[in-house]
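Visitor: using only what follows, build the 3D model:
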Amino acid sequence: MTVALLVSTSARAEPDPWFGSDKALHFGLSAGIAAGAYATSAVFLQTPRERLIYGASVAVLAGVGKELWDASGSGTPSFKDLTWDALGAIVGLAVTWAIDRLFFVGQLEPVQHESPLRSARESAPFSARVRSVHPERSRGMSLYRDR
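Guide: Numbers count the residues shown, from 1 in each chain. This is a model prediction of the structure:
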């Protein structure tokens, strides 16, 4: 009797398996969404860090949105689905970031704009920089009144 009970409980299928076909869909779609968001954000975002944050945000929002949709009665919500969404987003971002670094490094880097006043001040000799900071000292005047 106990053997039959053990066999019947182990033979029962898990309702939400970790490696179900829907998990592969979550992984693949999340990877595609993250990679696509990273790639398209290159048009309006300067640094790879910003693109990674944007791609991750879009993928996570899509995954959480799907689970909220499921929770509203349209399906079965699952934290396992969210786990596969996160793994897919990580892989999609890693692949897209690697392609970005391998083929486009240096082409779309942000331009560092320097203030003309700052560059002129830094190129001046040290004594001129001291005078600009403390003009009364550079003219031989004391900060204290002569008594």
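
Visitor: OK, contacts around Phe27?
Guide: Neighbouring residues of Phe27 by Cβ atoms under 8 Å, 6 or more residues apart in numbering: Trp84, Asp85, Leu87, Gly88, Val91. To be clear about C-beta, it is placed using only N, CA and C from the backbone, and glycine gets the same treatment.

Visitor: the closest residue to it other than its chain neighbours: neighbouring residues, count only.
Guide: Nearest residue to Phe27, sequence neighbours excluded (Cβ to Cβ, 6 or more residues apart in numbering): Gly88, at 3.9 Å. When neighbours are counted by other Cβ atoms under 10 Å, Gly88 registers 25.

Visitor: secondary structure element holding Gly88?
Guide: For Gly88, the enclosing helix or strand under DSSP states H and E is helix 79-104.

Visitor: quick check: Trp84 touching Gly28?
Guide: No. Look at Trp84 against Gly28 with Cβ atoms under 8 Å: they stay out of range, at 9.2 Å.

Visitor: quick one, what contacts Gly55?
Guide: Applying Cβ under 8 Å, 6+ apart, we find Gly55 in contact with Ala34, Ala35, Gly36, Ala37, Tyr38, Ser41, Ala89, Gly92, Leu93, Thr96.

Visitor: could you do Asp100 as well?
Guide: Tyr38, Ala42, Pro48, Arg51.

Visitor: inside helices: which ones of these?
Guide: Judged by DSSP state H, those include Tyr38, Pro48, Arg51 as members of helices.
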